Every structure is written in structure tokens, then in C-alpha cells.
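Undergrad: After the sequence you'll find the predicted model.
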Amino acid sequence: MRSAWAAISAEPPKRAPWAAYLPVVLSVCILAPRLLSPQFGLLDDGYTLSVVQQVAAGDLGMLWERGAARSRPVYWLYFTMLYKIAGPSPFWFFVGNAVLFAATAAGLIYLVRSHGATARRSLITGLLFILAGPVVESYMTLSKPEPLQIALITGSIVSILSSRRRKGAGLRIGGVVAGAFLLLLADLTKETSLALIPISVVWLLGAWRQRRVRPGSSDMSRAASLLLAAASAGIAFLLLRYRFSTIGLPEGAYAGNYLFEAERLVASAVRWSGWLIRDFAYLGPIVLAAAFLPQVRRTALSDPGVLASVVWMAGWVAVYLPWVFTVEYYLLPFALGAAVVGGFLTDHILLSLSSSRGLGRSAAAVGLGFAAFLLVFSVGNNASNARQQMMIDRANEEALRLISTTLPGSSMLLVNLQSPGEYVEEIRLHLIHIWNRPDVRVDYVQMERLPAIRNADGPLFLLEAVVLNQPLLTVRSGAVEVSVREWNRMLEEFVAQSGVLAGRIERELPLHNVNFVRVFCPLMPTRGFCEVDEPLLDGRVYSYGWELYRIVGEGPESRGASPRPAAAREAGRWQ
């Protein structure tokens, strides 16, 4: 073991290349549980299958989502390709995610290796990326554009930066053109890829400033090539959008979710700080440890790769500050930059510890040890998130199977999520495209319509979510505990009088979460993640599931049925 570590610690970048790329293999291992238990989810996957089936049937107009103010034809072509290869099989869709995950990890490691990083630093960089919190929801769920987007952006940067070392103007120009094409594909996968334009501008200005301060210290041609590629791709994207989209870029509901107001920006910053602390708390002690070692501090402040990564991280956070939603998988691009910075500082701290003396060395060692401590708990949180994601998807799949096998033809299903949210539409789409039940009418509960709902044509069923001890900073779910408990309480009397339990799906998972952010809650007790009271060490049992009721005439007692006990409903779970 010591000899292997010595091999990857060697400074020459040609030593032990196999060790540097170990994270690529580990990335597949991380997704192995998901490959063994693949399910389509109730967030976007039904809509994705609906669109790709139309595209596969020849309706290319769906590529531009006319009327939806989106421009993601490459995103839809990617999923259409998977659908054409494997049909509606979640396993092969997750295989696609595994390939993108491994390719992105390999591209990141290649970038740092090709710019002089030791095998050890490359290994650490790759590990920090594949173990990052945003990985779970990005790659362990489907229908997210980030995996393809980041794979394309990484490939583009590899192509452009590698072209600077090629002999011959034709090969160098070809590398930049290939990089610009990949960036165009990334823009057409998710529009936030346009962030590469302002990021590249800052990179170029930084290279120019560094050259002014220390002549010959930076290669401005690399930054200029990146900006040229990003700008060319952005212009081509806008032209294509103008040609094929029916809604202008600032129009429509999607762009309308950007709001540049102080209140929105402050609230968003608080929420993002929660995710950043949860997933990247280890970076703080690493930066402090580097600050105690003058040599490492000077090296980091003058290294173009570190400075470029900091700009990259800040740029991607800035993109989402005005956005209405704050979800973890948006931080996948941030995770790339965090891995580069963390790998660089950790490697140089380890190199300096052997030659440093005194208080600075001790402080740096303590800081690095604390960073490792935080990283271990962060990985534990990520594993807990992964288990929660798979539990939710299994329960949702079982509920859909129960519905498809229980409901008679031409039934109506009311979902007790009292707003027309995503789960309601997704249940309908799943029943159509996966379970072959297009005859089931799906709607959400509207309280004012309940007195007359018994007169609906055909059999009537009610589906209620049951959620208990749901963590806050975790994977998304369309059934949120606070709302679900209140909505179930509002229907307590109706279900007691008219509902017969037709089936129950229940899943339980012991949590093993360390909520780092709770440490900061005394500073802002009524903000964001601090509004919900969760323990610092969360060992509760998270319960998630569904109950299906058949709605019939008055008085369940006369039919030999009994409703769920009121006390259990108030607690938010069944007995």
C-alpha cells in the first residue's frame, strides 16, 4: 500500500497513470446499486418518455418544445437515442448516465494531468468529483440535462486546451472548432451553458492581468480560444433558437422564473449556502490549511488552474441566484471546480508538510485532518441520499403497479396533492406510457368539488401520499411532508365516510445524516434550511409511501371496512 501511494505521489505526470484514473472505475461502482434497481421516477421521466416517443415517431417539432420557451433539442435527441436502442427500459437509461459519469470523470482527470498535475493530485481531484453531493441526484435519477451538459462542456475544454499543444495550425484550429461544436451541443442541452461566455471573459481578463503583473506567466491564447469557442457557440445557439423556436428568449414561463430582485437574491443566497455547506464543507478547512503554509498560499494564488476554477465556481452559482428553484443537482458544474481546487490544495499541502516546521505545519495538518473528517461525513450523507432516492422511486413504482392492476376500466383517480403539481401529471403519463392504462383519468383533489365528486362517471379512487421524518436538504420529492400531512388531515372526514382501503405501499429507511448547516442556524433561525427543526445528527426513520382508497357510498362501517385510524393520519403515517 505504501509503495502504491509513493507511486502516485511522484511528481512526474507520467508515473502510475493507472492510479490517477481509478475514480473512473469507482464512478461505475457508485452507480451499481442504481443499475441493480432501476426505476423511472415521478419527476420529469413520464414527460420525457412522452416526448421521445413522439420524436421517435417522426415529430421533430417536439425537439424545440414549441410553446414551452425551452431550446433543448440535443437533450431530447440523446434520450430518443436511448429509447430507440432499448425502448422504455430504465436500466439502459441509467447505463447512459453511468457512461456520462465515467466520461466526465476521465475528462476532468485528463485535464489536470495534462497540465502538469501529479498522479496523486489527479487521483484526489477525481475522487472529490465522483464523491460530490450533486452526483446523487444528477446521475441516480433520469431526465436531468446536467450529466450530458457537463460531459459536453468537459469534452469541449479538453479539445480546446489540448489543441494548443498540437503541431500545425490546422490541428489547433480544428481543436477549437471541435470545442465550439461541443459547446453548441451543450447550449442545446441546457441553456445555462451560455454561462461559459461570461466565465470565459473573466478568464481572459485574468490571463491578461496576470501577464501584465508577471510577463510570460500566462498563456492568453488558451483563454482567448475558450472565449472564441463559447461566443461562437452562443451565437449559433441564438440563431438556431430564433429559427426554430416560437417563443422569444425572454418570454414564456421558463425565462420568467428569473427575477433580479434583492429579496429573491438574498433568499436564494441563503438556500444555496445551505447546499454548499452540506456538500462542500470540507473545502473550508483545506483553504485554511493552505493559508497556514506560505509556499502553498503563494502557489495557489498564482496558479491559473486554481484561479480559473474559482471563477468557474462563482460563475455557476451566479447563474442560479436569480432562479426561482434551488436544487442540489444544479451544483454539478460547481462540483467540477471544487474538485480541481480541493485536489490542488490537498496535494500541495501534503508536499509541504514534510518540509515545513512549527505552528504553521501543525495548523495545516489539523486543517487537512478536519477536512477529511467533514468529507467522510459528507460521503455518508450522500449515501443516505442515494438510498432515499431509490426508496422513493421503488415506492412510486409499486404504487403505480397497484393502481394499474387495481383500478377497473375508465376509472378516475384523484391524487391528494391539492395543487396541479408535477406528480399528478407524471402519474397520468406513467400510466399511459409505461403501464398501458390510458383509460384512467387522473386529477388532483379540489376541495370545492368533493361534495359532487361521488357522481363522477365510472369508479372513483383516491391516492394519498404518507410521509414522515422527511429530511430537508435531500433529493427532491413531489410529496412534501408538511403539505401532505395537512392535505391528508383535510380529507380525514371524507375518507372516513366514503373510503375503503384498496392497497397500501410503505417503505422505511433509517437515516444516518449529519446536518452541518444546523451549526449556523442560531445566526438565522427563520431562514431557509433553518425554518424546519431537524437534529444535527439525524437518526430518525424516514417513511414514504402511498395509500389507495376506493370511494363509494356513505358509511364505511356498513360495508365491513374501516378507515385508517385518525391518530395515525395525524401522525402522518399508518399503523
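TA: Happy to help now that I have it.
Undergrad: pLDDT on the top helix by length along the chain, on average?
TA: As assigned by DSSP state H, the longest helix anywhere in the chain is helix 358-406. For helix 358-406, mean pLDDT is 93.
Undergrad: Off-centre distance for that helix?
TA: Distance, stretch centre to chain centre, for helix 358-406: 13 Å (CA atoms, centre = their mean, to the nearest Å).
Undergrad: repeat for stretch 159-173
TA: Distance, centroid of stretch 159-173 to centroid of chain: 33 Å (CA atoms, centre = their mean).
Undergrad: I would like the residues contacting that stretch, please.
TA: Stretch 159-173 is contacted from outside by 111, 114-115, 174-176, 178-179, 182, 219, 221-222, 225-226, 229, using CB atoms under 8 Å, 6 or more residues apart in numbering. Any C-beta I mention is one placed from the backbone N, CA and C, and that applies to glycine too.
Undergrad: Give the buried residues for stretch 151-168.
TA: 151-163 (16 or more other CB atoms under 10 Å).
Undergrad: Please apply the same query to stretch 351-369.
TA: For stretch 351-369, the neighbour count (16+ other CB under 10 Å) marks Leu351, Ser352, Leu353, Ser356, Gly360, Arg361, Ala364, Ala365, Gly367, Leu368 as buried.
Undergrad: Which pair of those spans the longest distance?
TA: Distance extremes for the buried residues of stretch 351-369: the farthest pair is Leu351 and Gly367 at 15.2 Å, using CB to CB.
Undergrad: May I ask you to confirm that Leu152 is in contact with Leu188?
TA: No - using CB atoms under 8 Å as the test, Leu152 is too far from Leu188 to be in contact (9.3 Å).
Undergrad: Check the secondary structure at the nearest residue to Asn416 once chain neighbours are set aside for me.
TA: Counting by CB to CB, 6 or more residues apart in numbering, the nearest residue to Asn416 once its immediate chain neighbours are dropped is Glu464, at 4.4 Å. What DSSP: H, G, I helix; E, B strand; the rest coil gives for Glu464 is strand.
Undergrad: Surely Glu464 and Gly545 touch.
TA: No - at 9.6 Å, Glu464 does not count as touching Gly545 under the criterion of CB under 8 Å.
Undergrad: Contacts only, for Asp457.
TA: For Asp457, the residues meeting the contact criterion (CB under 8 Å, 6+ apart) are Ser410, Met412.
Undergrad: Give me the pLDDT value at it.
TA: In this model, Asp457 is scored at 73, pLDDT.
Undergrad: just the one 5 residues further on next, same as before
TA: We have a pLDDT of 94 for Leu462.
Undergrad: can you pull up the bridge partners for it?
TA: Leu414, Tyr549 (DSSP bridges).
Undergrad: Kindly state the domain boundaries assigned to this protein.
TA: 257-356, 386-571 (automatic domain parsing).
Undergrad: I'd like a version of the ones you listed in CSV, one that adds distance to Leu239 as further columns.
TA: Listed next are those as CSV, based on distance: least, CB to CB, whole Å:
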stretch, distance to Leu239
domain 257-356, 22
domain 386-571, 32
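Undergrad: right, so those domains: which one is the most enclosed?
TA: domain 257-356 (a mean of 19; mean count of other CB atoms under 10 Å).
Undergrad: Off-centre distance for that domain?
TA: Worked out by CA atoms, centre = their mean, domain 257-356 lies 17 Å from the chain centre.
Undergrad: cool, stretch 144-151 as well?
TA: Counting by CA atoms, centre = their mean, stretch 144-151 comes out at 9 Å from the chain centroid.
Undergrad: likewise stretch 345-364?
TA: Stretch 345-364 has its C-alpha centroid displaced from the chain centroid by 35 Å (CA atoms, centre = their mean).
Undergrad: same deal with stretch 222-232?
TA: For stretch 222-232, the distance to the chain centre is 27 Å (CA atoms, centre = their mean).
Undergrad: where along the stretch 201-350 of the chain do the helices fall?
TA: Secondary structure of the stretch 201-350 of the chain (DSSP state H, counting those that start in this stretch): helices at 220-244, 252-255, 262-280, 283-291, 294-302, 304-320, 332-353.
Undergrad: would you list those helices in a markdown table and tack on distance to Leu36 and mean pLDDT?
TA: Below are the helices of the stretch 201-350 of the chain laid out as a markdown table (distance: least, CB to CB, whole Å; pLDDT from 0 to 100):
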| stretch | distance to Leu36 | mean pLDDT |
| --- | --- | --- |
| helix 220-244 | 38 | 91 |
| helix 252-255 | 35 | 57 |
| helix 262-280 | 25 | 89 |
| helix 283-291 | 32 | 93 |
| helix 294-302 | 41 | 87 |
| helix 304-320 | 32 | 93 |
| helix 332-353 | 23 | 94 |
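Undergrad: Redo those helices as TSV? Include distance to Gly126.
TA: Below are the helices of the stretch 201-350 of the chain laid out as TSV (distance: least, CB to CB, whole Å):
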stretch	distance to Gly126
helix 220-244	22
helix 252-255	34
helix 262-280	16
helix 283-291	16
helix 294-302	19
helix 304-320	14
helix 332-353	7
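Undergrad: which one of these lies closest to Ser404?
TA: helix 252-255 (31.3 Å).
Undergrad: still on that earlier bit, for the helices of the stretch 201-350 of the chain, which one sits closest to Trp92?
TA: helix 332-353 (21.6 Å).
Undergrad: Please save the CA atoms from that closest one in PDB.
TA: C-alpha atoms of helix 332-353 as PDB (Å, rounded to 0.1, in the frame of the first residue of the first chain):
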ATOM      1  CA  LEU A 332     -22.900  19.600 -10.600                       C
ATOM      2  CA  PRO A 333     -20.800  22.100 -12.600                       C
ATOM      3  CA  PHE A 334     -19.700  23.700  -9.300                       C
ATOM      4  CA  ALA A 335     -18.500  20.200  -8.200                       C
ATOM      5  CA  LEU A 336     -16.000  20.100 -11.100                       C
ATOM      6  CA  GLY A 337     -14.400  23.300 -10.000                       C
ATOM      7  CA  ALA A 338     -14.400  22.300  -6.300                       C
ATOM      8  CA  ALA A 339     -12.700  19.100  -7.200                       C
ATOM      9  CA  VAL A 340      -9.900  20.900  -9.000                       C
ATOM     10  CA  VAL A 341      -9.300  23.400  -6.200                       C
ATOM     11  CA  GLY A 342      -9.500  20.700  -3.500                       C
ATOM     12  CA  GLY A 343      -7.200  18.400  -5.300                       C
ATOM     13  CA  PHE A 344      -4.600  21.100  -6.000                       C
ATOM     14  CA  LEU A 345      -4.500  22.400  -2.400                       C
ATOM     15  CA  THR A 346      -4.500  19.000  -0.800                       C
ATOM     16  CA  ASP A 347      -1.700  17.800  -3.000                       C
ATOM     17  CA  HIS A 348       0.500  20.800  -2.300                       C
ATOM     18  CA  ILE A 349      -0.300  20.700   1.500                       C
ATOM     19  CA  LEU A 350       0.800  17.100   1.600                       C
ATOM     20  CA  LEU A 351       4.000  18.000  -0.200                       C
ATOM     21  CA  SER A 352       4.700  20.900   2.100                       C
ATOM     22  CA  LEU A 353       4.000  19.200   5.400                       C
END
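Undergrad: next one: phi and psi at Ile199?
TA: As for Ile199, its main-chain torsions (degrees, to the nearest 10) stand at phi -60, psi -40.
Undergrad: Look up the pLDDT of it for me, please.
TA: In this prediction Ile199 is given a pLDDT of 96.
Undergrad: OK, contacts around the residue positioned nearest the centre of the chain?
TA: By CA atoms, centre = their mean, the mean C-alpha position of the chain lies nearest to Tyr329, the distance being 1.8 Å. Counting by CB under 8 Å, 6+ apart, Tyr329 touches Pro134, Glu137, Ser138, Thr141, Lys144, Glu146.
Undergrad: same thing but at 6 Å, please
TA: Pro134, Glu137, Ser138, Lys144, Glu146 (CB atoms under 6 Å, 6 or more residues apart in numbering).
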